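In: build the 3D model from these lines:
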Amino acid sequence: MFYDRKSNYSLNCLLVVLPCNLIIIDYGLGNPGSTHHSYTFQSTWITRTTWCTVPFKKMRGGQLACPQNIYNWYVAKICVCVEHAFAALKEL
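Out: Residues are numbered from 1 along each chain as shown. Predicted structure coming up:
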């Protein structure tokens, strides 16, 4: 069995979802729950694509430019769609 950082039984489940229709196009399952999400993410083909990007991070004491804030806003909207996909799976 796999334990997470709080000693509960758990597994990481990574889903790659199309935000427009919530179709799952890839998944990763089986890493222990204590495994960091970035390690789980590296086990999928999605990391080898050129269109896979991450949000901009604000440097300590700095600010993001307006285009970076707008980009992060759109990424957040996509994250909400992915969360909806997880909720739909839980209802099955």
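In: most remote residue from the chain's center?
Out: When distances are taken from the C-alpha mean of the chain, Gly61 lies farthest, 26.3 Å away, according to Cα atoms, centre = their mean.
In: sec struct for that one, please.
Out: Under DSSP: H, G, I helix; E, B strand; the rest coil, Gly61 falls in the coil class.
In: going forward, the N-terminal residue is numbered 10.
Out: Renumbered: residue one is now 10, and that last one reads Gly70.
In: tell me who's in contact with it.
Out: Under the criterion of Cβ atoms under 8 Å, 6 or more residues apart in numbering, Gly70 has no neighbours. For every residue, glycine as well, the C-beta is placed using N, CA and C.
In: which residues in the protein form strands?
Out: 20-26, 33-41 (DSSP state E).
In: relative to Pro28, how far out is the residue farthest from the centre of the chain?
Out: As judged by Cβ to Cβ, to the nearest Å, Gly70 and Pro28 stand 33 Å apart.
In: do the same with Gln51
Out: Distance of Gln51 to Pro28, computed by Cβ to Cβ: 21 Å.
In: with Cys90 instead?
Out: 4 Å.
In: next: Glu92.
Out: Using Cβ to Cβ, we find Glu92 at a distance of 11 Å from Pro28.
In: now for the lengthiest helix in the chain, which elements pack on it?
Out: When the chain is parsed with DSSP state H, its longest helix is helix 75-100. Under the contact criterion of 3 or more Cβ pairs under 8 Å, 6 or more residues apart in numbering; DSSP states H and E, helix 75-100 touches strand 20-26.
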